[in-house]
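Visitor: Sharing a model prediction with you, sequence too.
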Amino acid sequence: MRNVTIKSSLYLLVGISAVAWFSLAYFGGLDLSKVKDFFGLVPKVVSIDLLIVAVFVRWGWKLKLFRGWLVPFPNLNGSWLGFIHSDWKNPDTGEKPPPIPVMLTINQSFFHISCMMRTSEMESSSYSEGFLIDPDRQIKNVAYSYTSKPRLSLSERSIPHDGTAVFKIVEKPKLKLIGRYWTERLTKGEIVLEYYSNELIEELPDSLGEHPVTEVENRR
């Protein structure tokens, strides 16, 4: 897939350069059979190419018409809401907690993606991210490793830790991220998220409910 998009990008860039070359020559009254006229247009053609690449990298890659043949990954920018289903057991009760409300915000560009996951007890920010896209094998995943920092008031029962999350990207019939995670605290679980907003929200909506483990005195 990566080879396909690289080839498509090169073919498209060559095509744009050719159109720019002939257009500049036509409107400038130049003869491309002459070496001086031909190579004299190089700076202008390169400038046009760079301008088009810059516009594409900034905005164009998000357009659906480029998806697949030129842009292999979907646009996941925005806020996602859902629940964590953890295998962690409360040491006081020996039972797993009910689903934990969670929000994932994704900041994505053509070259970069970063993820921030928030519950009411901690924030987890990614430090290594990437897509695994292979249409031939029907694989469409985004994965990242993260550092999780609990709130200071919870430090006695919850320590900072690293982990990894892998999400399957579901686009039809409804936009979802269905994932699994594991941590160096030897906990693991599943996460199901639905797309909520194209804005990067910084606090969990109240409608998502309270964290089921947070003590009353620690709720903010």
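Guide: Received, thanks.
Visitor: only C-alpha atoms for contact and neighbour calcs from this point on.
Guide: Will do.
Visitor: residues of stretch 142-152 that come out buried?
Guide: 142-150 (16 or more other C-alpha atoms under 10 Å).
Visitor: Please disregard the earlier target; I meant stretch 40-56.
Guide: 41, 45, 48-49.
Visitor: cool, and stretch 112-128?
Guide: 113-126.
Visitor: cool, and stretch 173-182?
Guide: 176-182.
Visitor: and E123, what helix or strand is that in?
Guide: Element membership for E123, per DSSP states H and E: strand 122-134.
Visitor: hang on, the earlier thing: is it possible to get TSV of the buried residues of stretch 40-56 that adds distance to E202 and secondary structure?
Guide: TSV is the format used below for the buried residues of stretch 40-56 (distance: C-alpha to C-alpha, whole Å; DSSP: H, G, I helix; E, B strand; the rest coil):
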residue	distance to E202	secondary structure
L41	49	coil
V45	43	helix
I48	39	helix
D49	38	helix
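Visitor: circling back: name the nearest of the buried residues of stretch 112-128 relative to L24.
Guide: The closest of those to L24 turns out to be I113 (C-alpha to C-alpha; 37.6 Å).
Visitor: quick one: contacts for the residue sitting furthest away from the middle of the chain?
Guide: What lies farthest from the middle of the chain is K34; by C-alpha atoms, centre = their mean that is 48.2 Å. By C-alpha atoms under 8 Å, 6 or more residues apart in numbering, K34 lies in contact with nothing.
Visitor: quick one: it from L41, how far?
Guide: 11 Å (C-alpha to C-alpha, to the nearest Å).
Visitor: Which other helices and strands does the helix or strand of the chain with the lowest mean pLDDT contact?
Guide: Least confident helix or strand of the chain, by mean pLDDT, DSSP states H and E, is helix 2-28 with a mean of 86. Using 3 or more C-alpha pairs under 8 Å, 6 or more residues apart in numbering; DSSP states H and E, the elements in contact with helix 2-28 are helix 42-58.
Visitor: Show the average pLDDT along the helix it packs on.
Guide: On average, the pLDDT along helix 42-58 is 94.
Visitor: now stretch 84-95
Guide: 88.
Visitor: Could you give the separation of it from the chain centroid?
Guide: Chain-centre distance of stretch 84-95: 30 Å, with C-alpha atoms, centre = their mean, to the nearest Å.
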